[in-house]
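Q: Task: produce atomic coordinates for the following.
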Amino acid sequence: MTTTKRMIFFDIDGTLLDHHKQLPASAKEAVLALKDAGHEVAFATGRSPFMLKALQDELDIHSFVCFNGQYVMLDNKVIYQHPIPSDVLRSLSAHTLQTGHPLVYLDHEAMRSSTPFHARIEAGIGSLQYKHPAYDPEYYKERHIYQSMLFCTEEEELEYRQRFPQLEFVRWHPAAMDVLPSGGSKAQGIKRYIEHLGFAKEDVYAFGDNLNDLEMFCYVGHSVAMGNSPDSVKDAARYITKDVSQDGIAHGLKLVGLLQ
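A: Presented below is the predicted three-dimensional model:
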């Protein structure tokens, strides 16, 4: 087991939280053991900060890379922000009114929908165990929006990629994609985080399970894909651990030598 202080980032959905959005007891024990050993631990997630409260309290972690890298907090202090440019978001919003594809706008405090109700939003947000957001089509006009969710199918997404080169689109659900500013990724948020603390990439570990973890895996020194990851994510990782529901976090930390 290594005795040098390391930096470990954990994705949340499908990585720390299992398929029922529960934190396995073995994962909690393993993360707390990392902290007790003196390592630095943070979340690296597509979620907004307001979605992390329960998990933060349970694991006593108050540092994170949120919105897939667009909002970084270290010990409850914001150190990096990268919102979507307002003019680009305005153009995207206008276009979705024509296509009929709903948007959900997210800032660090809340999320709001561009439509009163849509079945795709209910299905996508519901998979995260959240209710359909309240309707506020102008929510983005008065706030920094770090990420949006665009609800369209894989067949429908190409038009958006071609029309909006100023944006990144990352699919996380059959009917939903995260929308980020150009160049946005977990890797960019992690870069700001570790530069702030002085960690070398070789001393940084990242656990993840989905497409929004690919850039992160390419950036850090040690990448660990969960056993429930798609093949493209496993192929990008240096290590592959077990399924999240089969003690994947605990197994992975032992696999890379951070725990015995």
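Q: Tell me which other helices or strands the strand or helix carrying Ile125 touches.
A: Under the criterion of DSSP states H and E, Ile125 resides in helix 119-126. Helices and strands touching helix 119-126, by 3 or more Cβ pairs under 8 Å, 6 or more residues apart in numbering; DSSP states H and E, are strand 147-150. C-betas here are computed from N, CA, C, even on glycine.
Q: Okay, buried residues for whichever helix or strand comes after the strand it packs on please.
A: Downstream of strand 147-150, the next assigned helix or strand under DSSP H and E is helix 158-163. Buried positions in helix 158-163, judged by neighbour count with 16 or more other Cβ atoms under 10 Å: Tyr160.
Q: Name the next helix or strand following helix 158-163 along the chain.
A: Immediately after helix 158-163, counting by DSSP H and E, sits strand 167-173.
Q: quick revisit: in the helix holding Ile125, what counts as buried?
A: Arg120, Ile121, Gly124, Ile125.
Q: ok, now stretch 176-184?
A: Neighbour count says stretch 176-184 has Ala176, Met177, Asp178, Val179, Leu180, Pro181, Gly184 buried, by 16+ other Cβ under 10 Å.
Q: Same check on stretch 149-159?
A: So stretch 149-159, judged by 16+ other Cβ under 10 Å, has buried residues Met149, Leu150, Phe151, Cys152.
Q: repeat for stretch 193-208
A: Tyr193, Ile194, Phe199, Asp203, Val204, Tyr205, Ala206, Phe207, Gly208.
Q: Let me see the contact set for the closest residue to Met73 other than its chain neighbours.
A: Spatially, and ignoring its direct neighbours in sequence, Met73 is nearest to Phe64 (5.5 Å; Cβ to Cβ, 6 or more residues apart in numbering). By Cβ atoms under 8 Å, 6 or more residues apart in numbering, the residues touching Phe64 are Ala42, Phe43, Ala44, Thr45, Pro49, Leu52, Gln56, Val72, Met73.
Q: quick one: which of the residues you listed is nearest Tyr219?
A: Nearest to Tyr219 among the contacts of Phe64 is Ala44, at 10.5 Å by Cβ to Cβ.
Q: Over to the closest one: give its phi and psi.
A: Backbone geometry at Ala44, expressed as degrees, to the nearest 10, gives phi -130, psi 100.
Q: Show me what it bridges to in the sheet.
A: Val65 (DSSP bridges).
Q: what about Val78, which SS state?
A: Using DSSP: H, G, I helix; E, B strand; the rest coil, the three-state assignment for Val78 comes out as strand.
Q: Give the burial count for it, as a bare number.
A: 11 (other Cβ atoms under 10 Å).
Q: ok, it touching Val72?
A: Yes: at 7.1 Å, Val78 counts as touching Val72 under the criterion of Cβ atoms under 8 Å.
Q: Most widely separated two among the buried residues of stretch 176-184?
A: Across the buried residues of stretch 176-184 (Cβ to Cβ), the longest gap, 18.1 Å, separates Ala176 and Pro181.
Q: any idea how far Leu89 lies from Val224?
A: Separation of Leu89 from Val224 (Cβ to Cβ, to the nearest Å) stands at 34 Å.
Q: So for the two, which residue has more residues nearby?
A: Val224 (29 against 22).
Q: OK, contacts around that one?
A: Tyr205, Ala206, Phe207, Gly208, Ala237, Arg238, Tyr239, Ile240, Thr241, Gly252, Leu255, Val256.
Q: Just the pLDDT at the last one, thanks.
A: What the model reports as pLDDT for Val256 is 98.
Q: just checking, it touches Ser223?
A: No: checked against Cβ under 8 Å, the pair Val256 and Ser223 is beyond contact range at 9.7 Å.
Q: Now the common contact residues for those two.
A: Joint contacts of Val256 and Ser223 (Cβ under 8 Å, 6+ apart) are Tyr205, Tyr239.
Q: Those two: who's more crowded?
A: Taking other Cβ under 10 Å, Val256 and Ser223 do not tie; Ser223 has more neighbours (24 against 18).
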